[in-house]
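Student: make a model of this:
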Amino acid sequence: MRTKAVYVAVSGEADVYFEQAWVSAWSLKHYNPGMEVECVVDPDTYDQVMGSYRRQALSVIDRLVRVEVPAQFGKKERSRWLKTSVRQHVEGDFLFIDTDTIVCDSLRDLDSLEDDVMMVRDHHCPFSEMTDAKYIIQGIENTLGSRFTEDDYYNSGVIYTKDTPASHAFFEAWHAQWKEFHKQGVHTDQCSLAVLNAKVHAIQDLDDIYNCQIRLSVRFLHRAKIVHFFNNQCPQNRVHPFDTNEVYLQVKKDQTLTPAFQQMVLDCKSLFYSQTYILGGEERMMYDDYACRLLRETVVKCPLLYSIVNKVSRVLLIAYLALKQKN
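Tutor: Below is the predicted model of the structure:
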């Protein structure tokens, strides 16, 4: 294949971010043995990988790209700094892939893509249809100090980019935009991406099967080539083993990808827990409303407050049902 796969990992001994990259790269190589894989890392991660069991990952990662980053940055900032500047560190056409992913099929069709920069829409839908768009807009507008009215909002977990002047210019502008947002305390990368694309409209739509955001839509799972799990989910809302860090902690414990673990990776589309409730329509809209968000935030972090809210809700529900029965 002409197209490469590229990961970014900023990881230390205590976390599992490099294990995630290792597992994702292993799944990719299983289905795409001829695809070159590069992983862009900061110096600390490079030294840690090369001096530990993690070096085994180089059996599926063809090149570890060591890049200097600002010394004052923490791990999250380093990760976003590398991600938004990744185009200048890797030659050739490539598919950037977040580490919390599993590749499930051949990616050979990437070689036929023609656009400079391509991504899948966040939530697999226009921004105006996203249930939590209002909160994202608030964050963007508070940072910008002006209105944000675009309907294009892309998920940066998977990015196809050609090695062209237009693509390089886009990433340079994204990196600059991210640094401006970072100065104002916004360290994530998607808000700066959305603001930039609102100016230049350079991103084209990538087929949703290359970034199946499974927590947000089951529509593309059956054809998905890459499943994106989002490992930062609240522990009470897990639907799949790869939603959690436990599976990657097992890799850290075993210090290798055992045959049993490899089979789990290959079976990832069928490992969803039996107790998995699909939300749609009005229920999905309610999920991101303030009342439901309060319950989600407090059920683990503040059980006393959750208990109080739940008891008050019970009283209100009984009163409502009684009034409904009278009418």
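
Student: distance check, Leu193 against Leu294.
Tutor: Distance, Leu193 to Leu294, by Cβ to Cβ, to the nearest Å: 29 Å. All C-beta atoms are positioned from the backbone trio N, CA, C, and that covers glycine.

Student: who has more neighbours out of those two?
Tutor: A count of neighbours by other Cβ atoms under 10 Å puts Leu193 above the other of Leu193 and Leu294, at 25 against 14.

Student: what segments of the stretch 101-250 of the chain are helices?
Tutor: With DSSP state H, counting those that start in this stretch, the ranges of helices along the stretch 101-250 of the chain come out as 133-144, 165-183, 190-200, 246-254.

Student: pop the domain breakdown of this structure in here.
Tutor: Structural domains of the chain, as assigned by automatic domain parsing, span the residue ranges 4-270, 289-326.

Student: those: which one's closest to Gly280?
Tutor: The minimum distance between Gly280 and those falls on domain 4-270, with 9.5 Å, by Cβ to Cβ.

Student: now do the closest one: distance to the chain's middle.
Tutor: Going by Cα atoms, centre = their mean, to the nearest Å, the spacing between the C-alpha centre of domain 4-270 and its chain's C-alpha centre is 5 Å.

Student: start and end of it, how far apart?
Tutor: Its start and end residues considered, domain 4-270 measures 28 Å (Cα to Cα, to the nearest Å).

Student: export the helix or strand hosting Val309 to PDB, keeping only CA atoms.
Tutor: Secondary structure assignment for Val309, by DSSP states H and E: helix 303-326. Coordinates of each C-alpha in helix 303-326 appear next as PDB, following Å, rounded to 0.1, in the frame of the first residue of the first chain:
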ATOM      1  CA  PRO A 303     -23.300   9.300  45.500                       C
ATOM      2  CA  LEU A 304     -24.900  11.300  48.300                       C
ATOM      3  CA  LEU A 305     -26.000  14.000  45.900                       C
ATOM      4  CA  TYR A 306     -27.100  11.400  43.400                       C
ATOM      5  CA  SER A 307     -29.200   9.700  46.100                       C
ATOM      6  CA  ILE A 308     -30.900  13.100  47.100                       C
ATOM      7  CA  VAL A 309     -31.700  13.900  43.400                       C
ATOM      8  CA  ASN A 310     -33.000  10.400  42.900                       C
ATOM      9  CA  LYS A 311     -35.300  10.600  45.900                       C
ATOM     10  CA  VAL A 312     -36.600  14.000  44.900                       C
ATOM     11  CA  SER A 313     -37.200  12.700  41.400                       C
ATOM     12  CA  ARG A 314     -39.200   9.700  42.800                       C
ATOM     13  CA  VAL A 315     -41.500  12.100  44.700                       C
ATOM     14  CA  LEU A 316     -42.000  14.200  41.600                       C
ATOM     15  CA  LEU A 317     -42.700  11.100  39.500                       C
ATOM     16  CA  ILE A 318     -45.300   9.800  41.900                       C
ATOM     17  CA  ALA A 319     -47.000  13.200  42.000                       C
ATOM     18  CA  TYR A 320     -46.900  13.400  38.200                       C
ATOM     19  CA  LEU A 321     -48.300   9.900  37.700                       C
ATOM     20  CA  ALA A 322     -51.100  10.600  40.200                       C
ATOM     21  CA  LEU A 323     -52.000  13.900  38.500                       C
ATOM     22  CA  LYS A 324     -51.900  12.100  35.100                       C
ATOM     23  CA  GLN A 325     -54.300   9.400  36.400                       C
ATOM     24  CA  LYS A 326     -56.800  12.000  37.600                       C
END
